[in-house]
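Q: This is the structure alone, sequence omitted:
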C-alpha cells in the first residue's frame, strides 16, 4: 500500500510541475476576485439587517450577489465563445469595480436597494470568474484536467482571509461603517487586471469548431451529464443555503461576536478550498463516484452536527464540513463534465452546467433568510436532507445501472502545439473521447 501511495504521490508531484503558466496566472487573479465574494458573504447579511426595511430581507444583499452570478453565467459563456475568454475576464473586473463603488455609495446614503444592486454587480463579475476553471482546463493536456480544476480553487484560500480581513479593517476607517472595506475592493480588482495581462488564450482549431454536435435529447439522456451537473448543483446549493444564513444565525440570533463569526466564515472558506491540494489526486486515486459520495456524506454530517447546538464549536465544525463537502462535489462534478460532450459542444454544455449550478445556488441563497427567520436554524438544516438523498440515489443509479460509466485510461499523445511552458494544450471538447475519469 505504501508503495502505491508513494507512486501516486510522485505522479501527482510530476503533474504539478507540468502545469503551465496560465494556471498560476488565473489562480492569482481569481484570488483577488474572490476576495470580493468572501467580503459580501461575511458582512452582506449584517449590513442588510441594518438597512433592510424588514429582517426577512436581511440576506438580500448576499442573495443578490448569488442571483448576479447565476444570471450572468450563460451570457459569460456565450460571450467567451464569441469574443474569447480574456476580453470577458476584463468585463468581469469592470463589473466588480462598479459594484464595489455602488456599495460604497449606498452605505454612505443608507440605501438598501443600492447596496443590493452593488452586490448584484459583484455577483455578476463572479459569473465571469467561474469561467476561469474552464480556461484552466483548456490550458492543460487531458490527463491534467482534475489537477487544473482543483488547483484553481486554491485561490479561495487567499480570498478566505483577504476579503474578511479587509471587511474588518475598513469597518471604522471612515465615518460610514464598511465604506472603506468596499473601496478596498477597487484596488484588488485593479491588481487582478494587471495579473491577467499574463494570461494567454487557447485557440480552438477549425476541426474542433466544425465537429458534429449531438442533439439535445441524446445529450440530456446521458446519466454522466446529470451526475456531473447535479453533483455540483447540490453541493453549491446546500453550501450557499447554510453559509448565507450562518452569519445571521451566529451574530444576530445566537449573539456571538462579529470576530468569532468572521473566524467561522474564514474557516469555512478555507475548508472549501484547502482540499483542492489533494482533491485532484483523490479523484485519480479513488474515482469520481467515491469522492462525490464522500461529499454527500460530509453534507449530511453538517446537518447532524449543526442541529445539535448553537455554540461556536457547533458552528465551526459544521461549516468546516460544509466546505469540504462542497469541494468534493464541485471538483468531482467539474472534472466529470468533459466526459459528457464532444468536440463541438463544450460551450453549450458549460452554459447548461453554469445555469443549473448557479441557478440552484441563487434559489438557495434567496430562500435562506426567509427560512431562517420563519422556521429557524434547525429546520433550515433539515431541509437540505432530501436534496442530498436524491443525489445519492442518482449517483447509485449511475454507478450500478448506467452504461456510460467512464473508465480511466492513459490519454494518447497530444498533437496540439505546446504552450509557453512546454505543456501541450487541447480543446476541452476533444476530451469526451479521451478523458475518462476513474469511476
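A: Thanks, I have it. Predicted, not measured: the structure shown is a model, and the values here were computed from it.
Q: Flag every buried residue along stretch 107-124.
A: Buried residues in stretch 107-124, counted by 16 or more other CB atoms under 10 Å: 107, 111-112, 114-124. C-beta: built from backbone N, CA, C; applies to glycine.
Q: can you give me the offset of it from its chain's centre?
A: 22 Å (CA atoms, centre = their mean, to the nearest Å).
Q: Give me the mean pLDDT for it.
A: For stretch 107-124, mean pLDDT is 92.
Q: Same check on stretch 88-100?
A: Taken as a whole, stretch 88-100 has a mean pLDDT of 93.
Q: Residues contacting that stretch, please?
A: Contact with stretch 88-100 is made by 29, 33, 36, 76, 79-80, 118-129, 131-132, 182-183, 185-186, 189-190, 192-193, 196, 199, as judged by CB atoms under 8 Å, 6 or more residues apart in numbering.
Q: Kindly report the same for stretch 52-61.
A: Applying CB under 8 Å, 6+ apart, the contact partners of stretch 52-61 are 40, 44-45, 47-49, 112, 115-116, 119, 244-245, 248, 252, 365, 368-370, 372-374.
Q: how distant is that stretch from the center of its chain?
A: Chain-centre distance of stretch 52-61: 25 Å, with CA atoms, centre = their mean.
Q: measure it end to end?
A: In stretch 52-61, first residue to last residue: 10 Å (CA to CA, to the nearest Å).
Q: Kindly report the same for stretch 248-265.
A: End-to-end distance for stretch 248-265: 12 Å, by CA to CA.
Q: which residues does the spatially most central residue of the chain contact?
A: Centrality entry for the chain: nearest residue to the mean C-alpha point is residue 130, 6.6 Å, by CA atoms, centre = their mean. Residue 130 sits next to 69, 73, 76, 354, 358 when contact means CB under 8 Å, 6+ apart.
Q: for the second one, helix, strand, or coil?
A: In other words, residue 73. Here residue 73 is recorded as helix under DSSP: H, G, I helix; E, B strand; the rest coil.
Q: Identify the residue nearest it in space, chain neighbours excluded?
A: Spatially, and ignoring its direct neighbours in sequence, residue 73 is nearest to residue 354 (3.4 Å; CB to CB, 6 or more residues apart in numbering).
Q: For the one you found, what is the enclosing helix or strand?
A: helix 346-375 (DSSP states H and E).
Q: So what's the model's average confidence on the following helix or strand past that helix?
A: Later in the chain than helix 346-375, the nearest helix or strand by DSSP H and E is helix 377-382. What helix 377-382 shows for mean pLDDT is 91.
Q: helices and strands around whichever strand or helix holds residue 332, which ones?
A: Per DSSP H and E, residue 332 falls inside helix 312-336. Under the contact definition 3 or more CB pairs under 8 Å, 6 or more residues apart in numbering; DSSP states H and E, helix 312-336 sits against helix 145-152, helix 223-247, helix 258-273, helix 276-286, helix 288-306.
Q: sorry, back to before: drop anything exposed from the contacts of stretch 52-61.
A: 40, 44-45, 47-49, 112, 115-116, 119, 244-245, 248, 252, 365, 368-370, 372-373.
Q: Now, of the contacts of stretch 88-100, which are buried?
A: Neighbour counting by 16+ other CB under 10 Å classes 29, 33, 36, 76, 79-80, 118-129, 131-132, 182-183, 185-186, 189, 192-193, 196, 199 among the contacts of stretch 88-100 as buried.
Q: Can you list which of those residues are found in helices?
A: 29, 33, 36, 76, 79-80, 118-129, 132, 182-183, 185-186, 189, 192-193 (DSSP state H).
Q: circling back: report the buried residues of the helix holding residue 354.
A: Neighbour-count burial for helix 346-375, counted by 16+ other CB under 10 Å, picks out 346-373.
Q: Buried residues, stretch 149-163. List them.
A: Buried residues in stretch 149-163 (16+ other CB under 10 Å): 149-160, 162-163.
Q: which SS class is residue 255?
A: When the rule is three-state DSSP, residue 255 gets the label coil.
Q: Point out where the stretch 251-400 of the chain drops to low pLDDT.
A: Within the stretch 251-400 of the chain, the segments meeting pLDDT under 70 span 342-345.
Q: Can you check what angle separates the helix or strand containing residue 31 from helix 145-152?
A: Applying DSSP H and E as the criterion places residue 31 in helix 21-51. Here helix 21-51 runs at 50 degrees with respect to helix 145-152, directions being taken by axes from the mean of the first three to the mean of the last three CA atoms, to 10 degrees.
Q: tally of neighbours for the closest residue to residue 40 other than its chain neighbours?
A: Leaving out its chain neighbours, the residue that sits closest to residue 40 by CB to CB, 6+ apart is residue 65, at 5.0 Å. Residue 65 has 29 neighbours, counted by other CB atoms under 10 Å.
Q: and residue 65, how far is that from residue 353?
A: From residue 65 over to residue 353 the distance is 20 Å, taken as CB to CB, to the nearest Å.
Q: next one: residue 71
A: Distance, residue 71 to residue 353, using CB to CB: 15 Å.
Q: wouldn't residue 294 be in contact with residue 328 here?
A: Yes - Residue 294 is in contact with residue 328 according to CB atoms under 8 Å; the separation is 5.3 Å.
Q: So which of those two has more stuff around it?
A: The residue with more neighbours, out of residue 294 and residue 328, is residue 328; 27 against 18, by other CB under 10 Å.
Q: Report the spatially closest residue to residue 336, excluding sequence-adjacent ones.
A: Excluding the flanking residues, the one nearest residue 336 by CB to CB, 6+ apart is residue 228, at 4.0 Å.
Q: tell me the contacts of the closest residue to residue 195 other than its chain neighbours?
A: The shortest distance from residue 195 to any non-neighbouring residue, by CB to CB, 6+ apart, is to residue 29 (4.4 Å). Applying CB under 8 Å, 6+ apart, we find residue 29 in contact with 89, 132, 155, 192, 195-196, 199.
Q: quick one: which of these is nearest residue 308?
A: Closest approach between these and residue 308, by CB to CB: residue 155, at 32.7 Å.
Q: From residue 382, how far off is the residue nearest to residue 195?
A: Relative to residue 382, residue 29 is positioned 39 Å away (CB to CB).
Q: and if you look at residue 41?
A: Distance of residue 41 to residue 382, given as CB to CB: 23 Å.
Q: Quick one: neighbours of the closest residue to residue 305 other than its chain neighbours, just the number.
A: Nearest non-adjacent residue to residue 305, counting by CB to CB, 6+ apart: residue 318, 4.7 Å away. When neighbours are counted by other CB under 10 Å, residue 318 registers 23.
Q: any idea how far residue 318 lies from residue 88?
A: For residue 318, the distance to residue 88 - CB to CB - is 36 Å.
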